[in-house]
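K.L.:
Could you look at this predicted model? Sequence included:
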Amino acid sequence: MSHFRYRAVAQDGRRVRGELDAGDLAELELQLRAQGLLLITARTRRPGLLGGARLPRRELIPFCFHLEQLLEAGVPPFESLGALRDAVTEPRLQRTIAALLADVERGRPLSEAAASQPQAFSPVAVSLLRAGETAGHLPQAIRDIGAILSQEEALAAHARRISVYPLIVGAVLLLAIVVALTQVVPEVEKLLRTTGQALPLQTRLLVGLSQLVREWGWAILLAGGTGLAAGARALARSEALRIRAHAWRLRLPLVGEILRKLALARFAALFATLYRAGINVIEALRASEDATGNLALREGLRSARHRIEQGQAISTAFEDAAIFPPLVTRMLRLGEHTGALDRALGKVATLYQRDVDEGIARLQAAAEPALTLLLGGLLLWIASAVLGPIYDLITRLPV
């Protein structure tokens, strides 16, 4: 599948420029003809260094909702995709729907058409589509895909809530300190040096720190950037190092347990959806391992999957892999005995999502005053180190 930039002419004579994914020029011409356009010229667009950008979930969620509604109403897939292509306004989503439409027009199943659009449909979505086509429940499969995307968006919002506030406060704190050290402290130092009075210890420390930042700030930034680049390169080249780094994240105080529950909530919700759709346990586990977003947990899930492949019970495999706490493994064992494993996993996902909500609320409630006190304490130290000598100087002036 290549990405083409094209020029075409519409039926009313307008010149149209755009981009589309197609296997070759003939396929591109068919796609444009389906849109009422006549191809003039086209050339392939070379992908960027980071490859094609994925479609954001906020665009795919309404697409899945409307497609499921049309299919549920009895509209054939080809006509449903055609109606959605004409209704959407976002260019990337429109190109994706046009590519799906062209594949379906040539007789390919919707799952195969989706598999050729990896920037929009993950392997999990393709598996659900294939299972829905096999069972004759395609609208339900698309509803499940939309539900998964909604859950992922909600959990991603939780992850953003953990990091946004500390980053904002940290940036403000760093900016305030840099401005004070590079602009305020040097001027105060000049004033105090002219008086000839001895500076207190905290003022001398502040002046020394100011000189360090002004004279060697570029070297500090260079060393920090070099260290970050070297660390990123080492992580990119070594999967074992990445696994250790992800395991370290889970051991962070306060945040680590929230990250663990967040990752396992993603896994449990996705696994329950796949299992409910009729995908067998091994394939559902394989498809949902990467949903955790944490390599250390992924290795634990792979270990559990290998045990299950060797004939071990699901609850026992998860218990031996030490992924879930005992309460959850007991719920899994109950789901095995009652034949409602998907319901048990859904309850696990709900439990973890509730714990994540409560944990984030507690973390934010504790972090806001803590960061405020830290910011206030540092600024108070800088102010006292600057204003203390000035106050002493003023008190010695003759009245």
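P.N.:
Yep, it's here.
K.L.:
if I read this right, residue 11 contacts residue 33, doesn't it?
P.N.:
No. Assessed by Cβ atoms under 8 Å, residue 11 is found out of contact with residue 33, at 10.9 Å. C-beta here means a position set from N, CA and C on the backbone, and glycine is covered the same way.
K.L.:
Give me the more crowded residue out of the two.
P.N.:
residue 33 (13 against 8; other Cβ atoms under 10 Å).
K.L.:
what helix or strand is the more buried one on?
P.N.:
Using DSSP states H and E, the element containing residue 33 is helix 25-34.
K.L.:
Might one say that residue 243 is in contact with residue 294?
P.N.:
No. Using Cβ under 8 Å, residue 243 makes no contact with residue 294, being 9.2 Å away.
K.L.:
who has more neighbours, those two?
P.N.:
Ranked by neighbour count (other Cβ under 10 Å), residue 243 and residue 294 place residue 294 first, with 24 against 16.
K.L.:
check contacts around the more buried one.
P.N.:
Under the criterion of Cβ atoms under 8 Å, 6 or more residues apart in numbering, the neighbours of residue 294 are 246, 249, 250, 259, 260, 263.
K.L.:
helix, strand or coil for residue 199?
P.N.:
Here residue 199 is recorded as coil under DSSP: H, G, I helix; E, B strand; the rest coil.
K.L.:
go on, residue 6?
P.N.:
strand.
K.L.:
how far away is the nearest residue to it once chain neighbours are set aside from residue 108?
P.N.:
The spatial neighbour of residue 6 that comes closest, neighbours along the chain excluded (Cβ to Cβ, 6 or more residues apart in numbering), is residue 42 at 4.0 Å. Note on residue 42: its distance to residue 108, by Cβ to Cβ, to the nearest Å, is 22 Å.
K.L.:
Neighbour count: those two, which is higher?
P.N.:
residue 42 (20 against 15).
K.L.:
Just to be sure, that one is in a helix?
P.N.:
No. Assessed with three-state DSSP, residue 42 is strand; it does not lie in a helix.
K.L.:
if you go through the stretch 201-350 of the chain in chain order, where are the helices?
P.N.:
201-237, 239-250, 255-276, 281-288, 295-309, 314-321, 326-338, 341-396 (DSSP state H, counting those that start in this stretch).
K.L.:
Buried residues in the fifth one, which are they?
P.N.:
Of the residues in helix 295-309, those with enough neighbours to count as buried (16 or more other Cβ atoms under 10 Å) are 295, 296, 297, 298, 299, 300, 301, 303, 304, 305, 307, 308.
K.L.:
Using TSV, lay out those together with pLDDT and distance to residue 222.
P.N.:
Below are the buried residues of helix 295-309 laid out as TSV (pLDDT from 0 to 100; distance: Cβ to Cβ, whole Å):
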residue	pLDDT	distance to residue 222
295	83	30
296	84	32
297	84	36
298	84	35
299	85	36
300	85	39
301	84	41
303	87	42
304	86	45
305	86	45
307	87	49
308	87	50
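K.L.:
And the residues you listed, which is closest to residue 288?
P.N.:
Nearest to residue 288 among these: residue 301, at 7.9 Å, using Cβ to Cβ.
K.L.:
mind listing what the closest residue to the closest one other than its chain neighbours touches?
P.N.:
Nearest residue to residue 301, sequence neighbours excluded (Cβ to Cβ, 6+ apart): residue 289, at 4.8 Å. When contacts are counted by Cβ under 8 Å, 6+ apart, residue 289 is found next to 267, 298, 301, 302, 305.
K.L.:
quick one: which of those residues is nearest residue 90?
P.N.:
Nearest member of the contacts of residue 289 to residue 90, counting by Cβ to Cβ, is residue 267, at 29.9 Å.
K.L.:
hang on, that closest one packs against residue 290?
P.N.:
No. Between residue 267 and residue 290 there is no contact under Cβ under 8 Å: 9.3 Å.
K.L.:
if I read this right, the residue nearest to residue 6 contacts residue 18, doesn't it?
P.N.:
No. Residue 42 is beyond contact range of residue 18, at 9.9 Å (criterion: Cβ under 8 Å).
K.L.:
give me the low-pLDDT residue ranges for this protein?
P.N.:
1-3, 21-24, 44-54, 155, 158-159, 161-162, 196-197, 393, 396-399 (pLDDT under 70).
K.L.:
center of it, which residue is that?
P.N.:
residue 156 (5.8 Å; Cα atoms, centre = their mean).
K.L.:
can I assume it sits in a helix?
P.N.:
Yes. Applying three-state DSSP, one finds residue 156 inside a helix.
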